[in-house]
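Asker: predicted model, plus sequence, below.
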Amino acid sequence: MTDSDMVFVIDDDESVRDAVTNLLEAVNLRAQAFASTEEFFRRGRPETSCCLVLDLQLPGTTGLQFQQSLRRAQIEVPIVFITAYGDIPTAMRAVKAGAIEFLTKPFQKEDLLSAVYRGLEKDRAYLQNCAENATMQSRFADLTNREIEVMNLVTEGLSNKEIAWKLDLSEPTVKIHRSRVMQKMQAGSLPELVRMADRLRQTSRQ
Amino acid sequence: MPNSTSAMPRRSLWLRLRPLLALYGAALLFVGVSFLLTFLLQRFFPYPFLFFFFGAVMASAWFGGTGPGLLSVVLSTVLVDYFFVPPFNSFSVSPSAEAYFGAFVACAVVASWVSSSKKQTEQALVQARNDLELRVSERTAALMQTQGELAHLSRMLSMAELTASVVHEIGQPLTGVVTNAQACLEWLSSGAPNVEKARRSADGIVRDSTRAVMVLERIRSLFRKSPPEKEWLNINDIIAEMMVLVRDEARRRNVQIHILLEQSLPPVRVDRVQIQQVILNLVVNAMDAVNESVAEDKRIFLMSRKNRHDELVIRVEDCGVGLPAELREKMFEPFFTTKPHGIGVGLSITRSIVEAHKGQITAGPRPQGGTIVEFTLPFHAEDTDD
């Protein structure tokens, strides 16, 4: 656990909200409670790793609807659902939409905490991934147009000769561009560069 | 023991004979009195004045029936013949008085017969009326019991619809209890126990378990089969207690219940469980109505106020599709239902409860669409006797 971990508890029921926050604090997690999703929305997710403990039945928007609207707003945050009456279809939908866990009240401490830890773990991985993507993108932004063309063709598996022919360049020029690409992207090998290209394509598609 | 058994028949024979003898005695008395009166009055009349004997015959037959009636006819005939029909003081009858005497005897017999049969009819009527009253009161008692059971059943059915809601209402505080208890243990078991935090967790446990118990208490009172018990209560409190049980159901169905209560309403003398049942029925019906409705408007209004006739008015409005007028007229009748699985007792019981509280229940269309159901409860003590 790092100090930056934060757990948000959203439940309109005061008993549950207070108790869950209390339990999380008792195991040295930072926790903050909200009575409604709107309150959480206004606060927004922090830069540091966090996890959401969300009541499924909230007045106004339900937990599932809130999960959808977070996705639409491109706010990625792990959700642990808690509900007073869990039915399997709803649980399936929640988990398919990316929920960490679906707990029926009253739940056991171990179940809640393991779900919260998994959520935080997932969020840390997500944040790290985001950071890596950001570095990669800033490196990619340094490439010239010609270098981008070369990188695309290299990662598609074309040889220097084929690239030279396709771009109407001499083979030594292609080699220079290629080494500049490897250098700027800080790729140690061709497979690494291919993985980077894949990731860049994925993030640009999102 | 042997002594008492041998004494019993004699005693009961005497007991049986005594009223009979009294009736015959009364017949003798009537005839005696009329003889005396006739004897005294005879000197003022030129003809035998025998009307008192008819009176004695009728009275004997009326009180004693056929036997004493005939006895008084015979006695009267003998006395009249001897004392008042010429020749006087003799049992012989002069030819001129034969017709008169014959008419007297015939009239006396007829009077006795008419009187005793009239009496019999009267007695039969009284008997029939008593039997009828007894049967009516037995039926009423049976009906009231059936009604009580139906009301109980209908409460259970209404509650069955709210099962999920009830599970939620108990599940929430229980979650609080369990989670706070675990937090409390955590606070105490770490290297440096945090007693203050542990104490606050325990406070939470007490608060949440009290809440769960209150929900259970409320449900149990709805399930209890107890005779109606009226007490002075605030209608807004009753509504608030009921809302605890339905608000989650409303949330689950995505129905918004808007509660508009007039403050400082006078208390009413009502049976808490029954009035809660009425409100429960009306609110569940309203939720069904907006549920079926295709419109987006899924609102229900629950209002309390006071009217000018010293009555409280509790009104439930829904924004559903509404009911056609002909169905609205029938909706409080037994076995009327629009629900596929309904048995149609809810609203008829609702009406009988309201009427038992001297109130009235009516239904009408909501101008913007939907239905308005409202009932009144008079808040004067003398209007709500038990």
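Answerer: Cool, got the structure. All values derive from a computational prediction rather than experimental measurement.

Asker: domain map for chain A?
Answerer: Following automatic domain parsing, chain A resolves into domains at A:6-129, A:142-205.

Asker: confirm for me that residue A:111 is in contact with residue A:102.
Answerer: No. If you go by CB atoms under 8 Å, residue A:111 and residue A:102 don't touch, sitting 10.3 Å apart. In short, each C-beta sits where N, CA and C put it, glycine included.

Asker: more neighbours: which of the two?
Answerer: Neighbours were counted for residue A:111 and for residue A:102 using other CB atoms under 10 Å in any protein chain shown; residue A:102 has more, 21 against 13.

Asker: what about the more buried one, distance to residue A:15?
Answerer: From residue A:102 across to residue A:15, the span is 20 Å (CB to CB, to the nearest Å).

Asker: ok, longest helix in the chain?
Answerer: Let's take chain A. Across chain A, the longest stretch assigned as helix under DSSP state H is helix A:109-141.

Asker: that's the wrong chain, I wanted chain B
Answerer: Ranked by number of residues, the top helix in chain B under DSSP H is helix B:95-161.

Asker: touching chain A at all, that one?
Answerer: No. Using CB under 8 Å from any CB of the partner chain, we find that helix B:95-161 stays clear of chain A, coming within 14.2 Å at best.

Asker: for that helix, packing partners?
Answerer: Helix B:95-161 sits against helix B:51-64, helix B:66-79, helix B:195-223, helix B:272-292, helix B:346-356, with contacts defined as 3 or more CB pairs under 8 Å, 6 or more residues apart in numbering or on different chains; DSSP states H and E.

Asker: toward the C-terminus, what is the element adjacent to the third one?
Answerer: Under the assignment DSSP states H and E, the closest C-terminal helix or strand after helix B:195-223 is strand B:230-233.

Asker: name the surrounding residues that touch stretch B:120-140.
Answerer: Under the contact criterion CB atoms under 8 Å, 6 or more residues apart in numbering or on different chains, stretch B:120-140 has outside partners residue B:65.

Asker: convert it to CSV, retaining C-alpha atoms only.
Answerer: Taking C-alpha atoms only, stretch B:120-140 is exported to CSV below (Å, rounded to 0.1, in the frame of the first residue of the first chain):
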residue,chain,number,x,y,z
GLN,B,120,-99.4,-17.9,19.6
THR,B,121,-98.7,-15.9,16.4
GLU,B,122,-97.2,-13.2,18.5
GLN,B,123,-95.0,-15.6,20.4
ALA,B,124,-93.9,-17.2,17.2
LEU,B,125,-93.0,-13.8,15.8
VAL,B,126,-91.0,-12.9,18.9
GLN,B,127,-89.3,-16.3,18.8
ALA,B,128,-88.5,-15.8,15.1
ARG,B,129,-87.2,-12.3,15.7
ASN,B,130,-85.0,-13.5,18.5
ASP,B,131,-83.7,-16.4,16.4
LEU,B,132,-83.0,-13.9,13.6
GLU,B,133,-81.2,-11.5,15.9
LEU,B,134,-79.1,-14.3,17.3
ARG,B,135,-78.2,-15.5,13.8
VAL,B,136,-77.4,-12.0,12.6
SER,B,137,-75.1,-11.4,15.5
GLU,B,138,-73.5,-14.8,14.9
ARG,B,139,-73.1,-14.0,11.2
THR,B,140,-71.7,-10.6,12.0
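
Asker: average pLDDT for it, rounded please.
Answerer: Across stretch B:120-140, pLDDT averages out at 90.

Asker: same thing with stretch A:32-52?
Answerer: On average, stretch A:32-52 scores 89.

Asker: cool, stretch B:274-289 as well?
Answerer: The model assigns stretch B:274-289 a mean pLDDT of 87.

Asker: could you do stretch A:14-28 as well?
Answerer: On average, stretch A:14-28 scores 93.

Asker: spatially nearest residue to the residue positioned nearest the centre of chain A (excluding sequence neighbours)?
Answerer: Central residue of chain A (CA atoms, centre = their mean): residue A:126, 3.7 Å from the mean position. If the residues on either side of it in the chain are set aside, residue A:126 comes closest to residue A:76, at 5.8 Å by CB to CB, 6 or more residues apart in numbering or on different chains.

Asker: residues contacting that neighbour?
Answerer: If you count contacts by CB under 8 Å, 6+ apart, residue A:76 has them with A:45, A:70, A:126.

Asker: before we move on, what SS does it have?
Answerer: coil (DSSP: H, G, I helix; E, B strand; the rest coil).

Asker: can you give me the pLDDT of it?
Answerer: Here, the pLDDT recorded for residue A:76 equals 88.

Asker: just for the stretch 201-350 of chain B, where's the confidence low?
Answerer: For the stretch 201-350 of chain B, applying pLDDT under 70 flags the ranges B:225-227, B:293-295, B:334-335, B:338-345.

Asker: run through the residues of it sitting next to chain A.
Answerer: B:201, B:204, B:207, B:208, B:211, B:248, B:251, B:252.

Asker: show me what contacts the last one?
Answerer: When contacts are counted by CB under 8 Å, 6+ apart, residue B:252 touches A:57, B:164, B:165, B:168.

Asker: state the distance from the residue of chain A most remote from its centre to chain B.
Answerer: What lies farthest from the middle of chain A is residue A:170; by CA atoms, centre = their mean that is 42.5 Å. Taking CB to the nearest CB, to the nearest Å as the measure, residue A:170 falls 69 Å from chain B.

Asker: can you name the residues that contact that residue?
Answerer: Residue A:170 neighbours (CB under 8 Å, 6+ apart): residue A:164.

Asker: what does the one 3 residues further on give?
Answerer: The neighbourhood of residue A:173, defined by CB under 8 Å, 6+ apart, consists of residue A:164.

Asker: sweet, I'm off.
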